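Enquirer: no sequence on this one, just coordinates:
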């Protein structure tokens, strides 16, 4: 926490310059100052949950709420203060709910309130669980426990042995200790380029001492040129997320608080999750847009090696209509 406070102090010092207005009403990378924005996407989609036993999230009605003042802003689940705003970049101090816990609770705000540009970025479509169990020894039989060949007494007498409780094949979300909500705070920065391209960087720390760690992300988004007569817009985003050891271990590690079976014990490790996202909007009239969005995230080894994870990626997809009030 001390190192994080020092980092914030340095950032405030480096970027403590006078703020200037850099938006115009035709700039889609900027928001109108002092105006509440409300829109609702209605359609069909789904977001996968990589946690074993967790439910996939249906995407049907997705609200989007935001407000941008001169300095303070609210964007769905993010509250921020912009302390530096220049022509080509801005830097803000933000606070938001950690989205990791959304995999462990259906009605987490991150599963309901999503970003407008890339609808439901933190969710995903259904997939068939991969065959096999990464935590099960491939030399074990399909029925571990009683009757398992351990190299002794092959087919022999079991009279002198006590019956052992079978080892379960997997550990699921309903068999572990509760993962708590967390509030993160830190730095969010944008660098703007020509043709609506943007580089985004964030670095956030757990201020509630829930998982006592930090995470960050960096991504580059750009608009794919389309026919100027066609009222459509295609944006692509590519990036990566970093999650430190404390975060991964808290949410995806398995300790004796979760199970008494040493078969599943796992200590999480720091990891990097690369991702790719696309969003397509087609303007139908002044109020309605046709919207398609999708995102695929490849889970790093620190997460995907956990016995609690049943697939090594998450992805989401949504298609529907977007109405702007």
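Expert: Noted; the coordinates are in hand. Remember, predicted model here, so these are calculated numbers, not experimental data. Numbers count the residues shown, from 1 in each chain.
Enquirer: Next, the buried residues of the helix or strand hosting residue 274.
Expert: For residue 274, the host element (DSSP states H and E) is strand 271-283. Neighbour-count burial for strand 271-283 flags 271-273, 275, 277-282 (criterion: 16 or more other Cβ atoms under 10 Å). Heads up, the C-betas are built off the backbone N, CA and C, glycines and all.
Enquirer: show me where pLDDT drops low in the chain?
Expert: 1-32, 113-168, 228 (pLDDT under 70).
Enquirer: List the pairing partners of the strand holding residue 274 within its sheet, with orientation.
Expert: Looking at strand 271-283 with DSSP bridges, its partner strands are strand 232-243 (antiparallel), strand 288-298 (antiparallel).
Enquirer: Adding distance to residue 54 and mean neighbour count, write those strands out as TSV.
Expert: Compiled in TSV, these are given as follows (distance: least, Cβ to Cβ, whole Å; neighbours: other Cβ atoms under 10 Å):
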stretch	distance to residue 54	mean neighbour count
strand 232-243	18	17
strand 288-298	15	20
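Enquirer: Which residues does residue 279 form beta bridges with?
Expert: Under the criterion used (DSSP bridges), residue 279 bridges to residue 235, residue 293.
Enquirer: Tell me the spacing between it and residue 77.
Expert: 19 Å (Cβ to Cβ, to the nearest Å).
Enquirer: Surely residue 243 is in contact with residue 217?
Expert: No. Residue 243 is beyond contact range of residue 217, at 9.4 Å (criterion: Cβ atoms under 8 Å).
Enquirer: what does the strand holding residue 274 contact?
Expert: Here strand 271-283 makes contact (Cβ atoms under 8 Å, 6 or more residues apart in numbering) with 117-119, 121, 219, 231-243, 248, 289-303, 322.
Enquirer: ok, so of the buried residues of strand 271-283, who is nearest residue 34?
Expert: residue 281 (24.7 Å; Cβ to Cβ).
Enquirer: Around residue 37, count how many other residues there are.
Expert: 15 (other Cβ atoms under 10 Å).
Enquirer: From residue 269, how far out is it?
Expert: 40 Å.
Enquirer: Also residue 219?
Expert: On the measure of Cβ to Cβ, residue 219 and residue 269 end up 23 Å apart.
Enquirer: Against which helices or strands is the strand or helix carrying residue 73 packed?
Expert: Here residue 73 sits within strand 72-75, counting by DSSP H and E. Strand 72-75 sits against strand 57-68, strand 78-85, with contacts defined as 3 or more Cβ pairs under 8 Å, 6 or more residues apart in numbering; DSSP states H and E.
Enquirer: Mind putting those strands into TSV with distance to residue 258?
Expert: Below are the helices and strands packed on strand 72-75 laid out as TSV (distance: least, Cβ to Cβ, whole Å):
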stretch	distance to residue 258
strand 57-68	23
strand 78-85	31
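Enquirer: These into CSV, with extra columns for mean neighbour count?
Expert: Putting those into CSV (neighbours: other Cβ atoms under 10 Å) gives the following:
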stretch, mean neighbour count
strand 57-68, 18
strand 78-85, 17
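Enquirer: wait, what's in contact with residue 212?
Expert: Here residue 212 is in contact with 206, 246, 250 (Cβ under 8 Å, 6+ apart).
Enquirer: Most neighbours out of those, which is it?
Expert: Busiest of the contacts of residue 212 [other Cβ under 10 Å] is residue 206, holding 23 neighbours.
Enquirer: For the residue nearest to that residue when sequence neighbours are not counted, give me its contacts.
Expert: In space, and not counting its chain neighbours, residue 206 is closest to residue 182: 5.2 Å by Cβ to Cβ, 6 or more residues apart in numbering. By Cβ under 8 Å, 6+ apart, the contact set of residue 182 is 97-98, 100-101, 206, 208, 210-211.
Enquirer: can you give me phi and psi for the closest residue to residue 185 other than its chain neighbours?
Expert: Spatial nearest neighbour of residue 185, chain neighbours left out: residue 95 (4.3 Å); criterion: Cβ to Cβ, 6+ apart. For residue 95, the backbone dihedrals (degrees, to the nearest 10) come out as phi -140, psi 140.
Enquirer: So residue 235 is in contact with residue 223, correct?
Expert: Yes. Counting by Cβ under 8 Å, residue 235 touches residue 223, with 5.3 Å between them.
Enquirer: which neighbours do these two share?
Expert: residue 196.
Enquirer: and the gap between the residue nearest to residue 206 and residue 110?
Expert: In terms of Cβ to Cβ, residue 182 sits 12 Å off from residue 110.
Enquirer: what residues are shared contacts of these two?
Expert: residue 97.
Enquirer: how much space is there between residue 298 and residue 183?
Expert: On the measure of Cβ to Cβ, residue 298 and residue 183 end up 27 Å apart.
Enquirer: let me redo that: residue 316
Expert: For residue 316 relative to residue 183 (Cβ to Cβ), the value is 24 Å.
Enquirer: And those two? Which one has more around it.
Expert: residue 316 (26 against 14).
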